[in-house]
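# one predicted model, sequence on top.
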Amino acid sequence: MSQSIRNAVKTTRGVKTNFQRPWYVVDASKDSLGRIATLTANLLTGKNRADFSYDVDLGAMVIVINADKVILTGRKPDKKVYFRHSGRIGGLSHRTFAKQMELDSSRPVYTAVRGMIPKNRHRDLRMNNRLFIFAGEEHNMPHQITVAN
(Lines give C-alpha, C1' and ligand atoms only; values in the text may rest on other atoms or scores of the structure.)
Protein backbone atom coordinates (compact mmCIF):
# COMPACT_ATOMS: atom_id res chain seq x y z
CA MET A 1 0.00 0.00 0.00
CA SER A 2 2.76 2.46 0.83
CA GLN A 3 4.44 1.67 -2.50
CA SER A 4 1.38 2.85 -4.45
CA ILE A 5 1.23 6.06 -2.43
CA ARG A 6 4.87 6.82 -3.19
CA ASN A 7 4.29 6.35 -6.90
CA ALA A 8 1.23 8.61 -6.85
CA VAL A 9 3.10 11.67 -5.52
CA LYS A 10 4.72 13.66 -8.32
CA THR A 11 7.24 16.42 -7.89
CA THR A 12 7.75 19.25 -10.32
CA ARG A 13 11.07 20.35 -11.70
CA GLY A 14 11.80 23.79 -13.07
CA VAL A 15 12.50 23.83 -16.80
CA LYS A 16 14.07 26.75 -18.64
CA THR A 17 12.40 26.16 -21.99
CA ASN A 18 10.02 29.01 -22.88
CA PHE A 19 10.63 30.58 -19.47
CA GLN A 20 9.64 34.24 -19.12
CA ARG A 21 11.40 35.89 -16.19
CA PRO A 22 8.98 37.78 -13.95
CA TRP A 23 9.72 41.38 -13.01
CA TYR A 24 9.57 42.59 -9.41
CA VAL A 25 9.76 46.09 -7.98
CA VAL A 26 11.27 46.39 -4.50
CA ASP A 27 10.82 49.65 -2.60
CA ALA A 28 13.93 50.22 -0.47
CA SER A 29 12.36 52.94 1.66
CA LYS A 30 10.11 50.49 3.51
CA ASP A 31 12.72 48.27 5.21
CA SER A 32 16.32 48.22 6.37
CA LEU A 33 19.25 47.45 4.07
CA GLY A 34 19.64 43.82 5.16
CA ARG A 35 15.99 42.94 4.66
CA ILE A 36 15.94 44.57 1.23
CA ALA A 37 19.11 42.71 0.25
CA THR A 38 17.75 39.35 1.44
CA LEU A 39 14.49 39.77 -0.45
CA THR A 40 16.29 40.89 -3.61
CA ALA A 41 18.81 38.04 -3.46
CA ASN A 42 16.02 35.47 -3.06
CA LEU A 43 14.19 36.89 -6.07
CA LEU A 44 17.35 36.96 -8.21
CA THR A 45 18.23 33.34 -7.43
CA GLY A 46 14.64 32.09 -7.74
CA LYS A 47 14.39 30.77 -4.18
CA ASN A 48 10.88 32.17 -3.88
CA ARG A 49 9.59 29.67 -6.46
CA ALA A 50 8.05 26.30 -5.62
CA ASP A 51 10.09 24.56 -8.33
CA PHE A 52 13.45 25.98 -7.16
CA SER A 53 16.51 23.93 -7.98
CA TYR A 54 20.15 24.89 -7.59
CA ASP A 55 21.13 23.74 -11.08
CA VAL A 56 18.36 25.53 -13.01
CA ASP A 57 18.46 29.33 -13.04
CA LEU A 58 14.85 30.51 -12.76
CA GLY A 59 15.52 33.85 -11.08
CA ALA A 60 13.55 37.02 -11.72
CA MET A 61 14.37 40.51 -12.93
CA VAL A 62 14.43 42.91 -9.97
CA ILE A 63 14.07 46.70 -9.88
CA VAL A 64 15.03 48.41 -6.62
CA ILE A 65 13.66 51.94 -6.22
CA ASN A 66 14.29 54.58 -3.52
CA ALA A 67 17.83 53.36 -2.86
CA ASP A 68 18.67 56.79 -1.48
CA LYS A 69 16.15 56.28 1.35
CA VAL A 70 17.51 52.96 2.63
CA ILE A 71 18.16 52.90 6.37
CA LEU A 72 20.45 51.17 8.81
CA THR A 73 19.49 50.68 12.45
CA GLY A 74 21.43 51.74 15.50
CA ARG A 75 24.87 53.30 15.07
CA LYS A 76 25.60 51.46 11.83
CA PRO A 77 25.41 54.56 9.57
CA ASP A 78 28.54 55.86 11.32
CA LYS A 79 30.26 52.54 12.05
CA LYS A 80 29.71 50.60 8.79
CA VAL A 81 32.75 51.00 6.54
CA TYR A 82 33.22 50.12 2.85
CA PHE A 83 36.80 49.25 1.85
CA ARG A 84 38.48 49.41 -1.56
CA HIS A 85 42.02 48.61 -2.62
CA SER A 86 43.79 49.89 -5.72
CA GLY A 87 46.22 46.98 -5.84
CA ARG A 88 49.21 49.18 -5.06
CA ILE A 89 51.11 49.40 -1.81
CA GLY A 90 49.23 51.66 0.58
CA GLY A 91 46.23 51.73 -1.75
CA LEU A 92 43.58 50.89 0.82
CA SER A 93 40.79 53.44 1.04
CA HIS A 94 37.57 53.42 3.04
CA ARG A 95 34.27 55.25 3.35
CA THR A 96 31.54 55.18 5.96
CA PHE A 97 27.98 54.33 5.01
CA ALA A 98 26.88 57.95 5.36
CA LYS A 99 29.66 59.19 3.06
CA GLN A 100 28.92 56.43 0.52
CA MET A 101 25.24 57.39 0.48
CA GLU A 102 26.21 60.98 -0.35
CA LEU A 103 28.45 59.90 -3.23
CA ASP A 104 26.48 56.98 -4.73
CA SER A 105 23.36 55.79 -2.95
CA SER A 106 22.91 52.66 -5.08
CA ARG A 107 26.32 51.20 -4.13
CA PRO A 108 25.41 50.02 -0.57
CA VAL A 109 22.36 48.17 -1.91
CA TYR A 110 24.42 46.61 -4.71
CA THR A 111 27.16 45.52 -2.29
CA ALA A 112 24.69 44.02 0.19
CA VAL A 113 22.84 42.04 -2.49
CA ARG A 114 26.11 40.86 -4.07
CA GLY A 115 27.23 39.45 -0.74
CA MET A 116 24.05 37.36 -0.47
CA ILE A 117 24.19 35.82 -3.96
CA PRO A 118 25.97 32.43 -4.11
CA LYS A 119 29.63 32.79 -5.03
CA ASN A 120 29.69 31.00 -8.38
CA ARG A 121 29.96 31.84 -12.07
CA HIS A 122 26.34 33.02 -12.25
CA ARG A 123 26.77 35.82 -9.70
CA ASP A 124 27.90 38.51 -12.14
CA LEU A 125 25.20 37.49 -14.62
CA ARG A 126 22.50 37.84 -11.98
CA MET A 127 23.84 41.08 -10.60
CA ASN A 128 24.68 42.96 -13.79
CA ASN A 129 21.96 41.76 -16.15
CA ARG A 130 18.96 41.31 -13.87
CA LEU A 131 19.31 43.81 -11.03
CA PHE A 132 18.44 47.47 -11.62
CA ILE A 133 18.90 49.97 -8.78
CA PHE A 134 17.48 53.50 -8.91
CA ALA A 135 18.03 56.24 -6.36
CA GLY A 136 14.60 57.85 -6.71
CA GLU A 137 11.01 56.79 -7.13
CA GLU A 138 11.09 56.90 -10.93
CA HIS A 139 12.68 54.25 -13.13
CA ASN A 140 12.87 53.70 -16.86
CA MET A 141 12.15 49.96 -16.94
CA PRO A 142 9.02 49.12 -18.95
CA HIS A 143 8.06 45.71 -17.54
CA GLN A 144 7.42 46.27 -13.85
CA ILE A 145 4.66 43.85 -12.91
CA THR A 146 4.77 42.73 -9.29
CA VAL A 147 5.55 44.74 -6.18
CA ALA A 148 7.62 42.49 -3.96
CA ASN A 149 7.11 44.15 -0.58
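Nice, thanks for sending it over. Source: prediction; values computed, not measured.
# now the helices for the chain?
Along the chain, the segments classed as helices by DSSP state H run 2-8, 33-45, 76-79, 97-103, 107-116, 123-130.
# just send these back as CSV, with mean pLDDT, distance to Arg21 and mean neighbour count too.
In this view, the C-beta of every residue, glycine as well, is placed from N, C-alpha and C. Below are the helices of the chain laid out as CSV (pLDDT from 0 to 100; distance: least, Cβ to Cβ, whole Å; neighbours: other Cβ atoms under 10 Å):
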stretch, mean pLDDT, distance to Arg21, mean neighbour count
helix 2-8, 60, 33, 7
helix 33-45, 95, 10, 21
helix 76-79, 90, 33, 13
helix 97-103, 93, 30, 14
helix 107-116, 94, 17, 18
helix 123-130, 87, 7, 14
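# mind listing what's buried in stretch 51-59?
Asp57, Leu58, Gly59 (16 or more other Cβ atoms under 10 Å).
# distance to Lys119 and pLDDT added to the residues you listed, as TSV?
Shown next, in TSV, are those (distance: Cβ to Cβ, whole Å; pLDDT from 0 to 100):
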residue	distance to Lys119	pLDDT
Asp57	15	85
Leu58	19	86
Gly59	15	89
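# which one of the helices of the chain lies closest to Val15?
helix 33-45 (16.9 Å; Cβ to Cβ).
# how about the residue nearest to Ser105 when sequence neighbours are not counted, what does it touch?
Nearest non-adjacent residue to Ser105, counting by Cβ to Cβ, 6 or more residues apart in numbering: Asp68, 3.9 Å away. Each residue near Asp68 by Cβ atoms under 8 Å, 6 or more residues apart in numbering is listed here: Met101, Ser105, Ala135, Gly136.
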